[in-house]
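Colleague: Sequence first, then the predicted structure, then my questions.
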Amino acid sequence: MQKPLHSAVPMTTRTRATIFWLFAFLFVVGGSGLIFYVSGYRLNLETGKVEKVGGAFIKTNLSSYTVTLEGKHFKEMYPVTNQLFIPSLTPGNYTFSIDKSGYRSWKKQFTVFPRLVTSFKSTLLIPNPLAPELLLQASSTETFSASKNASLLLTPNTHLGTLTLYNLSTGDIVKTIKEKSAEDITWLSDNTSFFYKNSTTGKIVFVSGEKTINVTTTFARSLPHTIPASKSIITHLYPHPFEKKLIVQTNKSGVFIFDPLSSESLLLTDTNPVAVALDGSNLFFLDTTGQLFSENLITKNVNTLVFKPLPLIASSSQDRWNILMSPDEKTFALFNETSGDLFVGSKESGQFSLIDTHASSPLFAYDSRKLTYVKEKAPVIYWLLKDEELRKKEGQKDTLSIELPITKLVWYEDNAHLFGYTDKKDLYFFETDNRSPLETLLVKNNVADYFYHQGSNSLFYLNDASLLKLDFNFPIK
């Protein structure tokens, strides 16, 4: 019988113990390292210390972009959703940029915190250059008003003394009205009827189809003879939410529903509110005690909203108040146009708080999470709800670090960007992420008037008597 070339040598107890403890040691070290790694710890080779790390999450409106972070290049990890996650960043300050051919570069500085992910979910890459579409070429026009569905356009021409109604789809003239001066042009829900005020005489005119009606005269005639003309002066006019009628607020006789086509009026309330607002089928009244009331135009139910009164409402009869409501109908803003006092109150809290003075142009965001306004020609963001991702607290105010004399603001559809109009008639588009640098785009200089239509995500603006349209539906490529 042939002997094996190598015979097995049995291990001693000491050898087995040594191997066991060696593997146990490796298991403990490896497992501890894995736990430390999963828990967000990394070895900083520069300092030789173990540190907790963080990360960065980026989402844009485009795919196939490149992120450059401290000289390193990254491609998006999730092309379908245009997302990129950069892990294992040691705490500290960073600068990164997002680039794509044919688009403006987007840059931002940010701070990485231990075990936290810093997010940039609203980055917007914009084509470079912009390519507006010429819609109309007018001889002399300084303002315009588009219907709510952006299908018709009204352009006052002060030199010719006419109002011209255009069809934006075809560019054809639909109607021409002889009127030397017009302001406060407001469209009704049918997107074809509108009313305006003659800035010289104060006359209010209603236009529907081929009919042109003097509302000032016909409304006064529709009232009972017991109401004198001195108490039936129209102070505010609002479009009915779903009928071809008007909501008329008078100086002393109350609020009415008025049908210009039949010359009939219906009294809603005989009180004299300091402000009226419409939201859907609900009509809101603010009385002189600071109390809010609502009346449903369908059910006719009247409700008193439980808010603590504001004594400041009755401080001056010359004050002009506005009521604003958030899209989710949970928050109200009361704005004194005369003094600039801005109050905010929620249905849950049942009281209003003065959030700022000398404000102007307040406007709720579409997501109802924040309110913007202008103060001392600077845009301010007031946070109605906390945002843990952006580390914003409820009631926090952020003045955007933009060196522009802003006078008017309009929200962009993503609730993270604004259109800003300056006192020099320049139109800008900028983000609300106040981390430096604040990305700002000059849309156009010398803009006489503009209108952003959220439904089509399109910007209409008037430049050198030319009406242009800029599509903000930047395609994913």
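Modeller: Done, it's in.
Colleague: my read: S189 touches K245, true?
Modeller: No: S189 is beyond contact range of K245, at 9.9 Å (criterion: C-beta atoms under 8 Å). (C-beta placed from N, C-alpha, C; glycine too.)
Colleague: Between the two ends of stretch 332-340, what distance do you get?
Modeller: End-to-end distance for stretch 332-340, by C-alpha to C-alpha, to the nearest Å: 16 Å.
Colleague: go on, stretch 409-424?
Modeller: Note: stretch 409-424 ends 14 Å apart using C-alpha to C-alpha.
Colleague: do stretch 221-241 as well
Modeller: End-to-end distance of stretch 221-241 (C-alpha to C-alpha): 24 Å.
Colleague: how about the strands of the stretch 51-200 of the chain, start to end?
Modeller: With strands called from DSSP state E, counting those that start in this stretch, the stretch 51-200 of the chain shows them at 54-60, 66-69, 72-75, 83-89, 92-99, 106-112, 117-123, 133-137, 145-146, 152-157, 162-167, 173-178, 183-187, 194-197.
Colleague: Which residue ranges of this protein form helices?
Modeller: 13-38, 215-222 (DSSP state H).
Colleague: and the ones you listed, which one's lowest on average pLDDT?
Modeller: Mean pLDDT per stretch puts helix 13-38 lowest among the helices of the chain, at a mean of 63.
Colleague: Could you measure from the spatially closest residue to K52 that is not a sequence neighbour over to G55?
Modeller: Once flanking residues are discounted, K52 sits nearest to P114: 3.5 Å by C-beta to C-beta, 6 or more residues apart in numbering. As judged by C-beta to C-beta, to the nearest Å, P114 and G55 stand 11 Å apart.
Colleague: neighbour count winner among those two?
Modeller: Neighbour count, other C-beta atoms under 10 Å: between P114 and G55, G55 has more, with 16 against 12.
Colleague: Looking at strand pairing, list the partners for the more buried one.
Modeller: Legend: beta-bridge partners of G55 under DSSP bridges are V117.
Colleague: pLDDT score for it?
Modeller: Among the per-residue scores, G55 holds a pLDDT of 91.
Colleague: circling back to that earlier point, now tabulate the strands of the stretch 51-200 of the chain in JSON lines and tack on distance to L324.
Modeller: Shown next, in JSON lines, are those (distance: least, C-beta to C-beta, whole Å):
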{"stretch": "strand 54-60", "distance to L324": "30"}
{"stretch": "strand 66-69", "distance to L324": "39"}
{"stretch": "strand 72-75", "distance to L324": "42"}
{"stretch": "strand 83-89", "distance to L324": "35"}
{"stretch": "strand 92-99", "distance to L324": "35"}
{"stretch": "strand 106-112", "distance to L324": "31"}
{"stretch": "strand 117-123", "distance to L324": "24"}
{"stretch": "strand 133-137", "distance to L324": "31"}
{"stretch": "strand 145-146", "distance to L324": "20"}
{"stretch": "strand 152-157", "distance to L324": "25"}
{"stretch": "strand 162-167", "distance to L324": "29"}
{"stretch": "strand 173-178", "distance to L324": "31"}
{"stretch": "strand 183-187", "distance to L324": "16"}
{"stretch": "strand 194-197", "distance to L324": "21"}
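Colleague: and of those strands, who's closest to T212?
Modeller: Checking those against T212 by C-beta to C-beta gives strand 173-178 as the closest, at 6.5 Å.
Colleague: the inter-axis angle of that closest one versus strand 152-157?
Modeller: 30 degrees (axes from the mean of the first three to the mean of the last three C-alpha atoms, to 10 degrees).
Colleague: Give the partner strands of strand 173-178 in its sheet and their orientations.
Modeller: By DSSP bridges, strand 173-178 pairs with strand 162-167 (antiparallel).
Colleague: State the separation between the partner strand and the centre of the chain it belongs to.
Modeller: Distance, stretch centre to chain centre, for strand 162-167: 29 Å (C-alpha atoms, centre = their mean, to the nearest Å).
Colleague: what's that strand in contact with?
Modeller: For strand 162-167, the external contacting residues (C-beta atoms under 8 Å, 6 or more residues apart in numbering) are 136, 138, 151-157, 172-179, 182, 196.
Colleague: Separate out the buried members of the residues you listed.
Modeller: For these, a burial check counting by 16 or more other C-beta atoms under 10 Å picks out 136, 138, 152-157, 175, 177, 179, 182, 196.
Colleague: Which pLDDT value belongs to the closest residue to N251 other than its chain neighbours?
Modeller: Ranked by C-beta to C-beta, 6+ apart and with sequence neighbours excluded, the top spatial neighbour of N251 is I233, at 4.5 Å. At I233, the model reports a pLDDT of 90.
Colleague: I233 against V248, yeah?
Modeller: No: I233 is beyond contact range of V248, at 10.4 Å (criterion: C-beta under 8 Å).
Colleague: Those two: which has the busier surroundings?
Modeller: Neighbours were tallied for I233 and for V248 using other C-beta under 10 Å; the higher tally belongs to V248 (25 against 13).
Colleague: so the more buried one touches L266, yeah?
Modeller: No: judged on C-beta under 8 Å, V248 makes no contact with L266 at a distance of 10.1 Å.
Colleague: for the stretch 301-450 of the chain, which spans come out with low pLDDT?
Modeller: Low-confidence segments of the stretch 301-450 of the chain (pLDDT under 70): 304-318.
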